[in-house]
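Student: Need the 3D shape of this:
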Amino acid sequence: MLRTMVALFRRTTEPTRRAAAFSPAWRLMTLVDRGFVRLVGKLEITGEFPAEMRDQPGLIAANHIGMFDPFVLTAALRKSGVNPRFLLTGGLLDVPVVGWGLRQGGSIRVDRGKSNVVEAFHRTTEALRSASGPVLVYPEGRVSREPGLWPERGKTGVARMALDAKVPVMTISQWGAHEAVYWGTERVTGWRDLVPLLMSWLRAIRDRPVFQVHFGPVVELSDLSASTPGDAVRAHARIMQAITDGVVPLRADEPDVPAFHDPTRPTDSHSPWRPKS
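Tutor: Predicted structure coming up:
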């Protein structure tokens with residue numbers, strides 16, 4: 001019993017194959033997540049997850065449209081028989097209970113703002129190479145602040161990791177999860193900051209929005225190299241364009257701006273991937 005309790009609460013900073021295994025605790029958490037998503041709305045999945053990526057190291061790149069979409073993507077991946085793993089900042093993995101559960105699921109830590117960025121990058125790519133399955137990432141790095149909620153420019157970090165680790169990248173495009181809960185505020189100073197989020201979530205339970213998740217293609221990167229200048233930018237552009245191409249049919253009735261208006265989400269960004277009208 002003591003050994004079990006120690007294992008449950010021990011913090012790990014380096015992901016291993018054992019940590020990446022589909023633990024019973026993570027299985028339970030993803031089961032609860034699926035029920036949670038069903039409570040709020042309806043999940044619709046199109047496309048198929050590539051069979052060759054189910055149990056091999058790789059990256060799954062998705063657009064980031066709201067605070068609720070990690071729950072939706074977790075549910076979609078589990079429904080498709082894929083163990084969802086995340087590439088997350090160290091702070092999230094250190095959060096009690098939630099962080100422990102994410103570590104049990106094989107999530108990989110990325111420590112931003114560390115003095116030795118090169119070393120941290122190599123640790124992450126090494127962990128990615130040894131992962132027992134694909135890892136979900138957000139190339140944008142944050143919820144889109146583009147007025148139309150199209151994918152932001154993003155950064156080349158995901159592309160650089162894929163090229164350095166020599167792992168495939170598939171894309172997920174999603175729409176609808178932004179209707180589940182408001183963006184909110186970057187800094188919570190009191191309970192009043194949480195009221196809009198709670199009210200929007202209760203409204204979603206009443207209205208039951210549709211959460212659309214499309215499993216897109218594996219992006220062709222075989223002609224690119226981590227050692228060739230400019231290839232990371234080219235790889236990033238291919239990944240973001242593939243994500244955007246998958247979003248277009250999901251929001252065919254909302255080609256310009258979302259029909260759902262979130263008054264709390266900033267709209268001070270620009271998307272170079274937005275389709276030309």
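Student: which residue packs closest to Leu88, ignoring adjacent ones?
Tutor: Nearest residue to Leu88, sequence neighbours excluded (CB to CB, 6 or more residues apart in numbering): Ser107, at 5.4 Å. No exception for glycine: its C-beta is placed from N, CA and C like everyone else's.
Student: Assess the claim that that neighbour and Asn83 are in contact.
Tutor: No: using CB atoms under 8 Å, Ser107 is not in contact with Asn83; the gap is 10.7 Å.
Student: just checking, what's the longest strand in this protein?
Tutor: Ranked by number of residues, the top strand in the chain under DSSP state E is strand 210-218.
Student: From Ser132, how far off is Asp245?
Tutor: Per CB to CB, to the nearest Å, Asp245 is found 30 Å from Ser132.
Student: just checking, what's the longest helix in this structure?
Tutor: helix 231-250 (DSSP state H).
Student: tell me what it is packed against?
Tutor: Judged by 3 or more CB pairs under 8 Å, 6 or more residues apart in numbering; DSSP states H and E, the packing partners of helix 231-250 are strand 58-62, helix 157-165, strand 169-175, strand 210-218.
Student: Quick one: those as JSON lines, columns for mean pLDDT too.
Tutor: Formatted as JSON lines, the helices and strands packed on helix 231-250 follow (pLDDT from 0 to 100):
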{"stretch": "strand 58-62", "mean pLDDT": "95"}
{"stretch": "helix 157-165", "mean pLDDT": "94"}
{"stretch": "strand 169-175", "mean pLDDT": "97"}
{"stretch": "strand 210-218", "mean pLDDT": "97"}
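Student: Between Ser107 and Asn83, which is the more surrounded one?
Tutor: Neighbour comparison, Ser107 and Asn83: the larger count goes to Ser107, with 25 against 21 (by other CB atoms under 10 Å).
Student: Distance of that one relative to Leu136?
Tutor: 9 Å.
Student: Overlap of the contact sets of those two?
Tutor: Counting by CB atoms under 8 Å, 6 or more residues apart in numbering, the contacts common to Ser107 and Leu136 are 85-87.
Student: Just give the nearest non-adjacent residue to Pro209, would you?
Tutor: Using CB to CB, 6+ apart, the closest residue to Pro209 is Glu179 (3.9 Å).
Student: For the one you found, give me its contacts.
Tutor: 41, 66, 204, 207, 209, 260.
Student: Tell me the spacing between it and Phe68.
Tutor: 8 Å.
Student: again, but for Val135
Tutor: 20 Å.
Student: residues near Arg142, how many?
Tutor: Neighbour count of Arg142, defined by other CB under 10 Å: 11.
Student: State the distance from the residue lying closest to it once chain neighbours are set aside to Leu149.
Tutor: Spatially, and ignoring its direct neighbours in sequence, Arg142 is nearest to His64 (6.5 Å; CB to CB, 6+ apart). His64 sits 10 Å away from Leu149, going by CB to CB.
Student: what does Glu186 give?
Tutor: 18 Å.
Student: When those two are compared, which one has more neighbours?
Tutor: Leu149 (26 against 8).
Student: before we move on, which element is the more buried one in?
Tutor: Leu149 is part of no helix or strand when elements are defined by DSSP states H and E.
Student: Point out where the stretch 51-200 of the chain drops to low pLDDT.
Tutor: 89-101, 104, 111-120 (pLDDT under 70).
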